[in-house]
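# my questions are about this predicted structure, shown below with the sequence.
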Amino acid sequence: MRDFRDAKAMAQTLRETLSAKSIPLTHSDSLELIARLFGQRDWNTLAARIQAAGPASMSAQAAADPAAESPPIAARQEIAVDPAALDHYSGFYQLNDRAVFTVTPDGHHLMMQLTGQRSVRFFAESPTEFFAKIVDAQVSFVVGPDGRATSLVLHQNGSDIPMARIDAATATKIADQTAERVKHQSASPGTEAALHRLIDGIASGKPDYNAMSPALAAATRKQMQWLQPLADLGNIQSIRFLGVGEQGEDVYSVRQDNGATHWRIALDDKGIISSAWVTPGP
């Protein structure tokens, strides 16, 4: 039985179920509906309760999601930055071969959006460091001699995720390829087998970090204590493809002897796992 700490997973399950019935539901709307089911006035209220209670027993994540709503851990002090300086940060930054981080000036602030997610406003706490108020995420820009950003680092979920600046043409190409994958809803070759190996490795306490991108390997090492309960679920009985997520990742339902989980996984062009995360299953 799920409790309120599984709210995000429940919201995702709701979206996937309705999507299969050709009923669209946005990420934000699904979160608000789940919040009301738990008797909370809105998602921010429920998110605060989740933050205070700590992680659910079977929930861990090893991927960037700057639109995942949860309150910041500590209060941060906003400073004023010349809007002209923010123009140096505007542009596109590549998370992986399926997702782009878009930065757009908005007055004295910056709007940032990851492929498949909604935009989030970030506030300056230094000339090169920015933070969000509705989510525990920060962004640091790496600038060149001319003050123009050459890359950025997203700080979230205990991970530091670097992203290099790319031009508009490259960003458009990535977006088009991801949109095509989402449209056709076909599993990428190799993701099911890679997922099976990943689950077995985590359950044994010896995941193959060489089969992961450096960023994912680092995140997995940090979150192994939250992933260890996977061992209690027993042997894998079945892995069922559910569809393609908004960032072009393959979504699977995994049933094991003692429970079920939902996984999202993507491989790069060399067959390395570039992103993967798990939430409780039905």
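Thanks, I have it.
# Leu267 against Ala193, yeah?
No: Leu267 is beyond contact range of Ala193, at 10.0 Å (criterion: Cβ atoms under 8 Å). Bear in mind the C-beta positions are built from the backbone N, C-alpha and C, glycine included.
# looking at those two, which has the bigger crowd around it?
Between Leu267 and Ala193, counted using other Cβ atoms under 10 Å, Leu267 has the larger neighbour count: 25 against 12.
# now do the contacts for that one.
Applying Cβ atoms under 8 Å, 6 or more residues apart in numbering, we find Leu267 in contact with Ser188, Gly190, Thr191, Ala194, Ile273, Ser274.
# looks like the fourth one contacts Ile265 (just checking).
Yes: with contacts defined as Cβ under 8 Å, Ala194 counts as touching Ile265 at a distance of 6.5 Å.
# which neighbours do these two share?
Ile273.
# of these two, who's got more company?
Between Ala194 and Ile265, Ile265 has the larger neighbour count (other Cβ under 10 Å), namely 25 against 22.
# which residues does the closest residue to that one other than its chain neighbours contact?
Setting aside the residues directly before and after it, Ile265 is nearest to Ala276 in space (Cβ to Cβ, 6 or more residues apart in numbering), at 4.5 Å. By Cβ under 8 Å, 6+ apart, Ala276 lies in contact with Ala62, Ala63, Leu195, Leu198, Met212, Leu216, Trp263, Arg264, Ile265, Ala266.
# redo that, cut-off 10 Å
Shown in contact with Ala276 (Cβ atoms under 10 Å, 6 or more residues apart in numbering): 61-63, 191, 194-195, 198-199, 202, 212-213, 216, 219-220, 249-250, 263-267.
# could you count how many residues lie near Gln117?
Neighbour tally, Gln117, other Cβ under 10 Å: 18.
# below-threshold pLDDT in the chain: ranges please.
Low-confidence segments of the chain (pLDDT under 70): 1-10, 12-14, 16-22, 27, 37-39, 43-74, 281-282.
# helices along that one, start to end?
Using DSSP state H, the helices of the chain run over residues 7-20, 27-37, 43-53, 83-86, 168-184, 191-204, 214-227.
# how about JSON lines for the ones you listed, with distance to Ser159 added?
Below are the helices of the chain laid out as JSON lines (distance: least, Cβ to Cβ, whole Å):
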{"stretch": "helix 7-20", "distance to Ser159": "18"}
{"stretch": "helix 27-37", "distance to Ser159": "21"}
{"stretch": "helix 43-53", "distance to Ser159": "18"}
{"stretch": "helix 83-86", "distance to Ser159": "25"}
{"stretch": "helix 168-184", "distance to Ser159": "21"}
{"stretch": "helix 191-204", "distance to Ser159": "17"}
{"stretch": "helix 214-227", "distance to Ser159": "5"}
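# so which of those helices is nearest Asp136?
Proximity to Asp136, assessed across those by Cβ to Cβ, is greatest for helix 43-53 (8.3 Å).
# for Asn235, see how far away Met111 is.
46 Å (Cβ to Cβ, to the nearest Å).
# higher neighbour count, those two?
Between Met111 and Asn235, counted using other Cβ under 10 Å, the more crowded position is Met111 (15 against 10).
# partners of that one in the sheet?
Met111 has these beta-bridge partners by DSSP bridges: Thr104, Arg121.
# with Phe130 instead?
Counting by DSSP bridges, Phe130 is bridged to Ala124, Val139.
# now do Arg240
Going by DSSP bridges, Arg240 forms beta bridges with Ser253.
# start at 4 instead
Okay, residue one is now 4; in that scheme the one you just asked about reads as Arg243.
# burial count for it?
Burial of Arg243 is recorded as 11 neighbouring residues (other Cβ under 10 Å).
# touching, it and Leu198? I think so.
No: between Arg243 and Leu198 there is no contact under Cβ atoms under 10 Å: 11.1 Å.
# thank you, goodbye.
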